[in-house]
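Visitor: Turn this into a model:
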Amino acid sequence: MRICIAYPPILKDGKYPLLGQNRQFRYSSSEAVRIYPIVPATAATILHKNGYDVLFLDGINKRFSLDTFEEKLNDFDPDLVMIETKTPIIKLHWKYIDKLKKEKDVTIAVVGDHVSNLPEETLKNSSADYVITGGDYDVGLLGLCNHISKGSPLPGGVWYREKGQIMNTGEPVRLSDLDTLPFIDRELTGWETYGEAYLYKPCTYIMSGRGCGGGPRGVGTCTFCVWQHNLWNCKARMRSPGNVAGEIEQLVKKYKVKEIFDDNEGGAVWDKNWMRQFHSEMQERDLSGRVMLSTNARADALDTETCRIMKDTGFRLLKVGLESGNNETLKKLNKKETIEDIKTGTKIAKDHGLIVMLTIMVGYPWETQEDAQRTYDAAREIMLYKTRFGDSLQASVIVPYPGTPLYDEAVEKDWFIVDPKDYEKFDMSRTVLKTHPMPHEWCDRMWGIHKEPMFITKSMLTLRSMNDLKLAYTGYKSVSGHKKDF
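Guide: Got it, this is the predicted structure:
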């Protein structure tokens with residue numbers, strides 16, 4: 001049985017969709033953003049290890065034309081195609097699925113955060129054969145393929161049609177032990193073509209766990225986080241420290257990777273005991289200092305001991321959610337942090353020589369111009385504190401996706417200025433919520449902090465090598481590309 005894990009290159013105004021491994025979707029002009037889709041790559045690995053013939057065809061990352069993509073798809077002639085989708089592109093995927101089904105005798109399975117919340121919708125609006133719900137769809141896909149090829153029972157979380165009726169197999173598959181997953185087959189999935197402007201090359205991605213462990217105040221339940229709600233069921237599971245260190249050892253020794261980004265929602269930073277054990281595992285393997293590590297992190301977990309351990313282990317960059325400079329907004333978002341927590345944690349990290357990348361959202365319907373200004377001021381304060389080369393931010397427009405509490409609240413309180421089912425308008429190219437500040441203008445201002453003379457001067461003074469200079473150049477191009485998106 002031949003399975004293709006596919007990302008069709010469906011463009012808008014010449015821009016490619018940022019889809020795989022992206023919590024928030026938009027079409028982008030940036031050539032530098034090519035994030036490695038970890039769960040689909042794991043799915044390809046699992047299938048290959050179980051004897052299936054697999055093609056990992058990421059037409060978005062490869063920047064293929066649709067004709068080139070379809071030529072490669074037809075050459076492989078798959079029995080089953082898996083497509084990951086998201087809210088803003090799902091209607092285009094429905095059309096593309098219908099096109100494929102007319103042209104080929106092929107089974108199509110759809111996965112992702114949107115269909116995990118609304119599985120029936122895709123079966124009603126397209127000719128897709130299956131929807132696999134939940135975040136562990138890599139294991140679910142193996143179960144589906146075994147069902148089709150060997151007659152095994154369908155796994156949990158699968159939606160399908162039977163005699164004209166939509167049926168399902170109940171709760172999604174959720175692994176209790178993530179260490180049972182294989183290390184990703186990087187060659188099979190074309191790992192070397194992925195990366196982002198802020199990572200040293202060659203780079204790649206891992207996930208130390210699945211789901212946001214939050215910080216001292218418990219598991220992450222931010223109202224805007226579509227993965228945490230739709231994929232991970234507001235739970236957090238970690239791989240063991242030894243398992244993660246083992247994968248890193250393979251990446252360093254076999255693939256000569258220079259930097260690894262842990263794209264688990266909260267990283268592992270929230271679990272200090274895990275971090276201590278991970279430090280020991282890295283030391284035992286003589287890996288500390290041989291590879292740079294970067295990760296997502298919650299600021300309230302960044303205390304002195306944790307940052308010291310991270311620096312000693314080889315961590316370089318932390319991606320930290322600021323989201324807003326207003327405590328009332330952070331409370332509404334159920335972020336379980338205050339702006340004081342965020343400033344304190346990021347400054348402790350910087351005191352220990354760690355680089356900080358902030359993520360910010362603007363356009364909340366309850367915020368004023370003054371609130372947006374406070375967010376800008378908070379971001380600027382953190383960015384200019386002990387600035388090092390690599391400190392940066394990412395700003396985006398808030399978009400509430402179906403399945404999140406923020407989406408439900410927006411429907412209930414009539415915050416939408418578009419039909420909540422006009423999914424194609426949720427691509428950040430416009431504002432979908434009533435808002436007082438002009439979100440795209442504020443995004444542009446936030447990105448503009450990178451171009452302030454003081455920030456540039458402080459950053460350039462900490463350049464240490466030609467590799468730093470190359471990274472600075474690609475970073476500048478990436479920021480310029482992102483600014484075009486707003």
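Visitor: residues in contact with the helix or strand harbouring residue 124?
Guide: Using DSSP states H and E, the secondary-structure element containing residue 124 is helix 119-125. Residues outside helix 119-125 that contact it (Cβ atoms under 8 Å, 6 or more residues apart in numbering): 85, 90-91, 94, 110, 115, 128, 131, 133, 159-161, 166, 168. Placement of C-beta: from N, CA and C, glycine included.
Visitor: let's go with 6 Å and repeat that
Guide: With Cβ atoms under 6 Å, 6 or more residues apart in numbering as the test, helix 119-125 has contacts from 94, 110, 115, 128, 131, 133, 159, 166.
Visitor: which residues of this structure score low on pLDDT?
Guide: Within the chain, the ranges that satisfy pLDDT under 70 run 475-486.
Visitor: 50 - rerun?
Guide: Judged against pLDDT under 50, the chain has no low-scoring part.
Visitor: per-domain residue ranges of it.
Guide: In the domain annotation for the chain, the residue ranges read 2-168, 198-484 (automatic domain parsing).
Visitor: thinking again about what came up before, for the helix holding residue 124, C-alpha coordinates in PDB please.
Guide: Output of helix 119-125 as PDB, limited to C-alpha atoms (Å, rounded to 0.1, in the frame of the first residue of the first chain):
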ATOM      1  CA  PRO A 119     -15.000  16.300  11.700                       C
ATOM      2  CA  GLU A 120     -18.500  16.000  10.200                       C
ATOM      3  CA  GLU A 121     -18.200  19.300   8.400                       C
ATOM      4  CA  THR A 122     -15.400  18.000   6.100                       C
ATOM      5  CA  LEU A 123     -17.300  14.800   5.300                       C
ATOM      6  CA  LYS A 124     -20.400  16.800   4.400                       C
ATOM      7  CA  ASN A 125     -18.600  19.400   2.300                       C
END
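Visitor: Which strands or helices does the following helix or strand past it pack on?
Guide: The helix or strand immediately downstream of helix 119-125 is strand 130-132, counting by DSSP H and E. With contacts defined as 3 or more Cβ pairs under 6 Å, 6 or more residues apart in numbering; DSSP states H and E, strand 130-132 has these neighbours: strand 107-111, strand 158-162.
Visitor: To residue 219, which of the ones you listed lies closest?
Guide: strand 107-111 (23.3 Å; Cβ to Cβ).
Visitor: what angle sits between that closest one and strand 158-162?
Guide: Orientation check (axes from the mean of the first three to the mean of the last three Cα atoms, to 10 degrees): strand 107-111 against strand 158-162 gives 140 degrees.
Visitor: Send me strand 107-111 as PDB with only the CA atoms.
Guide: Output of strand 107-111 as PDB, limited to C-alpha atoms (Å, rounded to 0.1, in the frame of the first residue of the first chain):
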ATOM      1  CA  THR A 107      -8.500   7.300  -0.500                       C
ATOM      2  CA  ILE A 108      -8.200  10.600   1.200                       C
ATOM      3  CA  ALA A 109      -7.800  11.100   5.000                       C
ATOM      4  CA  VAL A 110      -7.800  14.600   6.500                       C
ATOM      5  CA  VAL A 111      -6.200  15.600   9.800                       C
END
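Visitor: next one: that strand to chain centre, how far?
Guide: Distance of strand 107-111 from the chain centroid (Cα atoms, centre = their mean, to the nearest Å) equals 21 Å.
Visitor: what does that strand contact?
Guide: 80-85, 97, 122, 128-132, 137.
Visitor: of all the residues you listed, which comes closest to residue 200?
Guide: Checking the contacts of strand 107-111 against residue 200 with Cβ to Cβ, the nearest one is residue 84 at 27.4 Å.
Visitor: picking up where we left off before, mind giving me the PyMOL select for the contacts of strand 107-111, buried ones only?
Guide: For the buried members of these, the matching PyMOL selection, counting by 16 or more other Cβ atoms under 10 Å, is:
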select buried, resi 80+81+82+83+84+85+97+122+128+129+130+131+132+137
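Visitor: ok so, going back, as a markdown table, the helices and strands packed on strand 130-132 with distance to residue 151 and mean neighbour count would be great.
Guide: Converted to a markdown table, the helices and strands packed on strand 130-132 look like this (distance: least, Cβ to Cβ, whole Å; neighbours: other Cβ atoms under 10 Å):
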| stretch | distance to residue 151 | mean neighbour count |
| --- | --- | --- |
| strand 107-111 | 15 | 25 |
| strand 158-162 | 15 | 18 |
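Visitor: closest one to residue 208 among the ones you listed?
Guide: Between residue 208 and these, the shortest gap by Cβ to Cβ is with strand 107-111, which sits at 21.5 Å.
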